[in-house]
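K.L.:
What shape does this take:
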Amino acid sequence: MPRLLASTVFAAGLFGGACLATAQDCGNVTLALHNVQSAELLTYVDKFILENGYGCSTETVPGDTVPSTTSMVEKGSPDISSETWVDLLPEIVPRGLEDGKIVYGAPALPDGGIQGWWIPKYLADAHPEIKTVEDALAHPELFPDPEDPGRGVIFNGAEGWGATVVTAQLFKAYEGEQKGFNLMRPGSAAGLDGAIARAYERQEGFITYYWAPTALLGKYQLVLLKPAVKHDPVEWKRCITDLDCADPKVTGWPIDTVMTVLTKDFADRASPAILDYFNTRGWSNDTVARLMAWQGDNQAMGEEGAIHFLEENKDIWTKWLPAEVAAKVEAAL
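P.N.:
Alright, predicted model coming up:
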């Protein structure tokens, strides 16, 4: 996963309080507050629902995917990581599951974390025959490089991202240069976002690396190009992630598994109703991308984004809860 767009908020106070007796029944719950915008939003949604629907007393603990999950495995705290990109932890998560230190809830993102090459939807609509990477590379004239109009352009990621290396290697594997394309290096995340925004607002054709869920994809409609072949983990490790490898072969991007993770201790002491919630709750990439875009447009904090989601998407979150719990949450809103 590349470095995702981070929110500026790392910790905040509680939302509303619940009655003391009910809070004592639920007990205290600690939630990891990751420095990742989508994870922060889901954490605050969980926080509001736990407090107002189930009467829990909650506390957020600043962290991120690797340190928070490592702490859950080794120290049993915090209790919950609402959004965990488990493929980033190929040793820690399997060990924690095997040793009975953590358990999975439902997928936080049932779609998975998605990376790849995208084109603007207005171009995809105008050229429905372009569905794959190879389809797009056959038409450099549809994706003109602003600085070299006789050739097509592919926007790469920022310097230092693993995905930038991957895009460069896939550009070689697909023979992008021979097919009439340049690989544009924006230098930074802001540079990449700026290149996409300028081209999109001018209704120009372009191919770009990006990932989901992100606020940018909530603001600009992009369509993911299908790879020529499925993901090959052997080739990925051998050459696609190594810029010095001279003979990369075409392969698809992996889809990252994004789960809700609970400590085993919390799962053992939590009520069946709360476990049912965490075994049910999850949202689509499109939903969270639109929410992140709203948050950016309105300069909203994570808590405000969570409230906005709960107010505007009752058709989604009420399906996660029994009717009587949903009624409590709605009353609190």
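K.L.:
Could you pull out the buried residues of the host helix or strand of residue 95?
P.N.:
Per DSSP states H and E: residue 95 is located in helix 92-98. For helix 92-98, the neighbour count (16 or more other C-beta atoms under 10 Å) marks 92-93, 96-97 as buried. C-beta: built from backbone N, CA, C; applies to glycine.
K.L.:
So for residue 314, what's the nearest residue that isn't a sequence neighbour?
P.N.:
Distance criterion C-beta to C-beta, 6 or more residues apart in numbering; nearest residue to residue 314, sequence neighbours excluded, is residue 330 at 7.1 Å.
K.L.:
For that neighbour, what is the enclosing helix or strand?
P.N.:
Residue 330 belongs to helix 323-332, assigned by DSSP H and E.
K.L.:
Using CSV, write out the CA atom coordinates for that helix.
P.N.:
Backbone C-alpha positions of helix 323-332 (Å, rounded to 0.1, in the frame of the first residue of the first chain) are rendered in CSV as follows:
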residue,chain,number,x,y,z
ALA,A,323,-33.2,-2.2,15.0
GLU,A,324,-33.2,-1.1,18.7
VAL,A,325,-29.4,-0.3,18.6
ALA,A,326,-29.8,1.6,15.3
ALA,A,327,-32.6,3.6,16.9
LYS,A,328,-30.3,4.7,19.8
VAL,A,329,-27.6,5.8,17.3
GLU,A,330,-30.1,7.7,15.3
ALA,A,331,-31.4,9.4,18.4
ALA,A,332,-27.9,10.4,19.4
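K.L.:
Not counting its own residues, what contacts it?
P.N.:
15-16, 48-49, 52-54, 273, 277, 310, 314, 317-318, 321 (C-beta atoms under 8 Å, 6 or more residues apart in numbering).
K.L.:
hmm, try it at 10 Å
P.N.:
Helix 323-332 has contacts (C-beta atoms under 10 Å, 6 or more residues apart in numbering) with 15-16, 18, 22, 45, 48-55, 273-274, 276-277, 307, 310-311, 314, 317-322.
K.L.:
Which members of the residues you listed are classed as buried?
P.N.:
Buried residues within the contacts of helix 323-332, defined by neighbour count using 16+ other C-beta under 10 Å: 15, 18, 45, 48-55, 274, 276-277, 307, 310, 317-318, 320-321.
K.L.:
out of the residues you listed, which are inside helices?
P.N.:
Mapping the buried ones among the contacts of helix 323-332 onto helices (DSSP state H) picks out 45, 48-54, 274, 276-277, 307, 310, 317.
K.L.:
And these, which is closest to residue 168?
P.N.:
Nearest to residue 168, judged by C-beta to C-beta, of those is residue 45 at 37.0 Å.
K.L.:
Give me the local confidence score for the residue nearest to the closest one when sequence neighbours are not counted.
P.N.:
Closest residue in space to residue 45, ignoring its immediate chain neighbours: residue 306 at 4.6 Å, by C-beta to C-beta, 6+ apart. Per-residue pLDDT puts residue 306 at 98.
K.L.:
Could you pull up the contacting residues of residue 306?
P.N.:
15, 40-49, 291, 295, 300.
K.L.:
any chance of the ones in helices among the buried ones among the contacts of helix 323-332 in CSV, plus distance to residue 200?
P.N.:
As requested, these are exported to CSV (distance: C-beta to C-beta, whole Å):
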residue, distance to residue 200
45, 29
48, 34
49, 35
50, 38
51, 39
52, 39
53, 39
54, 42
274, 42
276, 42
277, 38
307, 29
310, 30
317, 31
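K.L.:
Flag the shaky bits of the protein, pLDDT-wise.
P.N.:
For the chain, the stretches flagged by pLDDT under 70 are 1-25.
K.L.:
hey, where'd the strands end up in it?
P.N.:
Assigned by DSSP state E, the chain shows strands spanning 28-34, 57-63, 80-85, 102-107, 114-120, 144-145, 148-155, 181-184, 207-212, 222-224, 258-263.
K.L.:
Report the angle between the first one and strand 57-63.
P.N.:
In other words, strand 28-34. Here strand 28-34 points in a direction 30 degrees away from that of strand 57-63 (axes from the mean of the first three to the mean of the last three C-alpha atoms, to 10 degrees).
K.L.:
got it, and the fifth one?
P.N.:
With the same axes, to 10 degrees as the criterion, the two stretches strand 114-120 and strand 57-63 enclose an angle of 80 degrees.
K.L.:
buried residues in strand 114-120?
P.N.:
For strand 114-120, by 16+ other C-beta under 10 Å, it's 114-120.
K.L.:
Quick check: of these, which lies closest to residue 177?
P.N.:
Proximity of the buried residues of strand 114-120 to residue 177 (C-beta to C-beta) peaks at residue 117, which lies at 15.4 Å.
K.L.:
just checking, the closest one touches residue 183?
P.N.:
No. Counting by C-beta atoms under 10 Å, residue 117 does not reach residue 183; the two are 11.2 Å apart.
K.L.:
Can you tell me the centre-most residue of the chain?
P.N.:
residue 213 (4.0 Å; C-alpha atoms, centre = their mean).
K.L.:
What is the nearest of the buried residues of helix 92-98 to residue 221?
P.N.:
residue 93 (33.5 Å).
K.L.:
what's near enough to touch that closest one?
P.N.:
Contacts of residue 93 (C-beta under 10 Å, 6+ apart): 69-70, 72-73, 84-87, 101-102, 104, 257, 259, 261.
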